[in-house]
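# Quick one: sequence and predicted model below, then my questions.
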Amino acid sequence: MARELGASPLVAFAGLGLAALLLVAVMGSAPTASAHGDGRTPRGATPWRLILPAGLVVLIGFLSEQATEGWSALHLERNLGAGAAAGAVGPALLGITMTVGRLFGQGLAQRFAEPTVIRIGAAVSACGALLAALADSLWIAYAGFAVLGLGASVIVPMAFAFVAARCPAERRAQAISRLSVIGYAGFFLGPPLMGLVSGGIGLAAAFAMVALILLLIPLALIPWMRRSTPA
């Protein structure tokens, strides 16, 4: 909206910075959570056979989120002729559908195992990315990004839940932290990967690539996760 109204980058980013500072002030007054345990590092090896496939699932989940958040508006503006405000609807739809999915997706885990939920979410998200890539109108692209966000919303939380439920309690915090390190690499890999592909063959092809990467989850990573579950 700021871009549509002609705001300069300085004004737009200064507004974001001010909002962040206000949140820092609010968070600074929040009570600190009490520490649990004796603070010692748990003994024993971290179950990498469980963490590695789940970490790659988280990595792909974050990569797809970052690709859509950072590049959907550009895809809408460059390839489908959207204005600044209409282009911003792409990442906005991602945020809305991911919020809805993460609010209600936890209920699915009470009926289905985490790998099943992740598999379905990844397949749905891949369909959304492909729909956005092939779209010839704004509304079809909007639908694609909404479907992508809805499917992607359950991938990361369910992968964390999968590892937490199968790790010994004394090593759970260590396992989750290492899972996060692998998974958050998706935020660093997403932008250059999208830029490289879009610079060579276009943004539409880049989103088609995201769909193919998402399909690695149900086709390869979920079977690996099931095999690596400790007895």
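Structure's in. What do you need? Since this is a predicted model, take the numbers as computed values, not measurements.

# contacts and neighbour counts: CA atoms only from here.
Will do.

# Check the gap between Ile201 and Tyr142 for me.
22 Å (C-alpha to C-alpha, to the nearest Å).

# Could you report the pLDDT at Arg172?
What the model reports for Arg172 is a pLDDT of 87.

# give me the number of residues near it?
Neighbourhood size, Arg172 [other C-alpha atoms under 10 Å]: 18.

# again with Glu4
Using other C-alpha under 10 Å, Glu4 has 12 other residues around it.

# One more: Ser228?
Ser228 has 17 nearby residues by other C-alpha under 10 Å.

# what's the spacing between it and Arg49?
6 Å.

# Quick one: low-confidence residue ranges for the protein.
30-46, 230-231 (pLDDT under 70).

# and the longest helix for it?
In the chain, with assignment by DSSP state H, the single longest helix is helix 48-80.

# Which neighbouring elements make contact with that one?
Contact here means 3 or more C-alpha pairs under 8 Å, 6 or more residues apart in numbering; DSSP states H and E; on that basis helix 48-80 packs against helix 84-104, helix 138-152, helix 155-166, helix 172-183, helix 185-201, helix 203-216, helix 222-228.

# Those: which one's closest to Leu10?
Leu10 lies closest to helix 84-104 among the helices and strands packed on helix 48-80, at 16.6 Å (C-alpha to C-alpha).

# now the angle from the closest one to helix 155-166?
20 degrees (axes from the mean of the first three to the mean of the last three C-alpha atoms, to 10 degrees).

# now for helix 84-104, which elements pack on it?
Secondary-structure packing of helix 84-104 (3+ C-alpha pairs under 8 Å, 6+ apart): helix 48-80, helix 138-152.

# thinking again about what came up before, and of the helices and strands packed on helix 48-80, who's closest to Ala25?
Of all the helices and strands packed on helix 48-80, the one in closest proximity to Ala25, counting by C-alpha to C-alpha, is helix 84-104 (24.5 Å).

# May I see the buried residues of the closest one?
84, 86-95, 97-98, 101-102 (16 or more other C-alpha atoms under 10 Å).

# so it versus helix 138-152, what angle?
Helix 84-104 runs at 30 degrees relative to helix 138-152, counting by the same axes, to 10 degrees.

# Residues contacting helix 84-104, please?
With contacts defined as C-alpha atoms under 8 Å, 6 or more residues apart in numbering, helix 84-104 is touched by 1, 3-4, 65, 68-70, 72-77, 141-142, 145-154, 157.

# Could you identify the helix or strand that succeeds that helix?
helix 106-109 (DSSP states H and E).

# between the very next helix or strand once past that next one and helix 48-80, how many degrees?
Going down the chain from helix 106-109, the next helix or strand is helix 114-134, by DSSP H and E. Here helix 114-134 runs at an angle of 20 degrees relative to helix 48-80 (the same axes, to 10 degrees).

# Distance from helix 114-134 to the middle of the chain?
Chain-centre distance of helix 114-134: 12 Å, with C-alpha atoms, centre = their mean, to the nearest Å.

# just to revisit the earlier point, let's have the helices and strands packed on helix 84-104 in TSV, adding mean neighbour count and distance to Leu18.
Below are those laid out as TSV (neighbours: other C-alpha atoms under 10 Å; distance: least, C-alpha to C-alpha, whole Å):
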stretch	mean neighbour count	distance to Leu18
helix 48-80	23	21
helix 138-152	25	28
